[in-house]
Structure formats: structure tokens, C-alpha cells
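Chemist: Here is my input, please return the structure:
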Amino acid sequence: MADLYLKALHSERKSLWATCRLKGLPKDSNERRRIADLDAAIAAQEARQKGRKGLEP
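Modeler: The predicted model follows:
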């Protein structure tokens, strides 16, 4: 089953990245900081999923 939370994180990141590229926003903008936060959340969620898959028979 697809992880809807992870899909939503990826979708938000993709949307923000497109906005940053289109507007040429600097690295210290709120949008770029949010992308960094999303990257961390995505990595944490993927690690949790991999940990769960190892526990399943």
C-alpha cells in the first residue's frame, strides 16, 4: 500500500522547488528552508518504512 504521508511530502517538495526555480529565490528564502525541512522529513519517513519492512515476516 502506498504511503500517503510520504506522497504528500514529495508533492509539496516538488511544488516548492518549481516555485523557487521559477522565481529564482535565494537559498535563505522561506521556501528553500521549507524544502530542507521536507528533505529531512522524507528521509526520516523512508527510514521508518525500511525499519518496518525488516520486521515483517
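Chemist: pLDDT below threshold where in this structure?
Modeler: Residues of the chain meeting the criterion pLDDT under 70: 1-2, 54-57.
Chemist: try 90
Modeler: Low-confidence segments of the chain, defined by pLDDT under 90: 1-3, 49-57.
Chemist: Need the single longest helix in it, by residues.
Modeler: Using DSSP state H to define each element, the chain has its longest helix at helix 30-55.
Chemist: residues of it that come out buried?
Modeler: By neighbour count on 16 or more other Cβ atoms under 10 Å, the buried set for helix 30-55 is 32, 35, 38, 42. Heads up, the C-betas are built off the backbone N, CA and C, glycines and all.
Chemist: other SSEs contacting that helix?
Modeler: helix 4-23 (3 or more Cβ pairs under 8 Å, 6 or more residues apart in numbering; DSSP states H and E).
Chemist: and the helix it packs on, which residues are buried?
Modeler: Going by 16+ other Cβ under 10 Å, helix 4-23 has these buried residues: 9, 13, 16, 20.
Chemist: My read is that the second one contacts residue 32, right?
Modeler: When you say that, I think you mean residue 13. No: shown here, residue 13 and residue 32 do not form a contact pair, counting by Cβ atoms under 8 Å, at 11.2 Å.
Chemist: circling back: from the buried residues of helix 4-23, pick the one nearest residue 51.
Modeler: Distance to residue 51 across these (Cβ to Cβ) is lowest for residue 9, with 17.4 Å.
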